[in-house]
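Q: one predicted model, sequence on top.
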Amino acid sequence: MNVLSYLQRIGRALMAPVAVLPAAAILMGIGYWIDPNGWRANSAIAALLIKSGSAIIDNMSILFAIGVTYGLSKDKDGSAALTGFVVFLVVTTLCSPAAYSMIMGIAIEQVPVAFSKINNQFVGILVGVLAAELYNRYSGVELPKALSFFSGRRLVPILTSFLMILLSFVLMYVWPFIYNALVLFGENIKDLSSLGAGIYAFFNRLLISVGLHHALNSVFWFDVAGINDILNFLAGAKSLAAGLAEKGITGCYQAGFSLS
C-alpha cells in the first residue's frame with residue numbers, strides 16, 4: 001500500500017469520531033440559546049443540554065483514539081476499539097503531569113506545560129493509528145495451549161499496553177517540542193485574524209485529498225493549542241466574559257464548514 005492510500009485510510013477512519021460533533025453542537029447550541037451565560041438563568045433544561053454536549057466535546061480525544069483504531073482495523077471488531085481505548089489510557093496516564101513529575105524526579109511545578117495538554121485529539125489520532133497497526137499485526141497470533149485464552153484478539157490489548165510504555169517514554173522527550181510547534185502554528189494563524197482563517201481554510205482544503213484535514217482541525221477546533229474554537233463559540237457570552245473568546249474572531253475557523 002502506498003503512502004497516499006494509507007493517509008486516505010486514516011482520513012476515512014477519522015470520520016467516525018468526527019460524525020458525533022453535530023450532536024454536541026446541537027445540544028450545546030440549544031442549551032446556550034436558552035441560557036447564554038451557561039448557568040446564571042438557573043435553567044435545568046439548559047444545564048442538561050450543555051453538559052450533554054460538552055460530554056462529547058470534552059472526550060473527543062478518547063473518541064478519536066477509539067474511532068481511528070476501529071476504522072483502521074482489518075476486521076472492524078470490537079476488540080480493536082478496546083485496544084484503542086487501552087493504549088490511550090496508558091499513554092495519557094504515563095504522560096500526565098503527576099506521573100511525569102514522579103518518573104523524572106522533579107517538582108510538579110517544573111513539569112512542562114505540554115503534559116497538562118497530553119489528553120488531546122492529536123495524541124488520540126497518533127495512538128489510534130499505532131494501536132490499529134498492532135492490532136492488524138498481532139490479532140491472529142496463537143499462543144500455546146496453556147495460554148490459549150489470551151490468544152488472538154484478547155492478546156492485543158495486553159501486548160499494546162506494554163508497547164505503549166515505550167511510546168510514552170519517547171513522548172516524554174518529544175511531546176513538548178510537538179506541542180510547542182502546534183501552539184506556535186496556531187498562535188501565528190490566530191494573530192492574523194481573518195487572514196489567518198483564510199490560510200487555515202486553504203490548508204484544510206489541501207489536506208482533504210488525503211483525509212487528514214481533521215487532524216489540522218483538531219488544533220483549531222479543540223483545546224490542543226489553546227484555541228478551542230468550537231466550545232468557545234458555542235459558549236458565546238460566557239466565553240467573552242471570561243476572556244476566552246474574541247468577538248469577530250472566535251468561530252471563524254468553522255466558517256463555511258459543517259461540524260461533520
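A: Ah, there it is.

Q: can you give me the helices for the stretch 101-250 of the chain?
A: Along the stretch 101-250 of the chain, counting by DSSP state H, counting those that start in this stretch, helices occupy 121-138, 155-191, 193-207, 213-221, 229-235, 237-241.

Q: which one of these lies nearest to Ile106?
A: Ile106 lies closest to helix 155-191 among those, at 11.6 Å (CB to CB). C-beta coordinates here come from the backbone N, C-alpha and C atoms, glycine included.

Q: check which residues of the closest one are buried.
A: For helix 155-191, a neighbour-count test (16 or more other CB atoms under 10 Å) marks 155-157, 159-160, 164, 167-168, 171-172, 175, 179, 182-183, 185-186, 189-190 as buried.

Q: re the thing from before, and the helices of the stretch 101-250 of the chain, which one averages the lowest pLDDT?
A: Of all these, mean pLDDT reaches its minimum on helix 237-241 (a mean of 58).

Q: next, Ser139: phi, psi?
A: Per-residue torsions, Ser139: phi -70, psi -10 (degrees, to the nearest 10).

Q: roughly how far apart are it and Ser73?
A: Plainly put, Ser139 is 8 Å away from Ser73 if you go by CB to CB, to the nearest Å.

Q: what sits up against stretch 170-183?
A: 91, 94-95, 100, 103-104, 112-115, 117-118, 122-123, 219, 224-226 (CB atoms under 8 Å, 6 or more residues apart in numbering).

Q: mind saving the C-alpha coords of stretch 131-139 as PDB?
A: What follows is stretch 131-139, C-alpha atoms only, in PDB (Å, rounded to 0.1, in the frame of the first residue of the first chain):
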ATOM      1  CA  ALA A 131      -2.900   0.700  18.000                       C
ATOM      2  CA  ALA A 132      -4.600  -0.300  14.700                       C
ATOM      3  CA  GLU A 133      -1.200  -1.400  13.200                       C
ATOM      4  CA  LEU A 134      -0.500  -3.500  16.300                       C
ATOM      5  CA  TYR A 135      -4.000  -5.000  16.200                       C
ATOM      6  CA  ASN A 136      -3.700  -5.900  12.500                       C
ATOM      7  CA  ARG A 137      -0.400  -7.500  13.000                       C
ATOM      8  CA  TYR A 138      -1.000  -9.500  16.200                       C
ATOM      9  CA  SER A 139      -4.700 -10.200  16.400                       C
END
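
Q: what sits up against that stretch?
A: 13, 65, 68-75, 77, 79-80, 83-84, 86-87, 152-153, 155-156, 159-160, 163.

Q: apply 6 Å and report the result again.
A: Identification of contacts with stretch 131-139 by CB atoms under 6 Å, 6 or more residues apart in numbering yields 69, 72-74, 80, 83-84, 87, 152-153, 156, 159-160.

Q: export those residues to CSV and append columns for distance to Ala23.
A: Formatted as CSV, those follow (distance: CB to CB, whole Å):
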residue, distance to Ala23
Thr69, 21
Leu72, 23
Ser73, 24
Lys74, 28
Ala80, 23
Thr83, 25
Gly84, 20
Val87, 25
Gly152, 34
Arg153, 29
Val156, 30
Leu159, 34
Thr160, 29
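
Q: and Ser139 and Ser73? which has more neighbours close in?
A: Set Ser139 next to Ser73 and count neighbours by other CB atoms under 10 Å: Ser73 wins out with 24 against 21.
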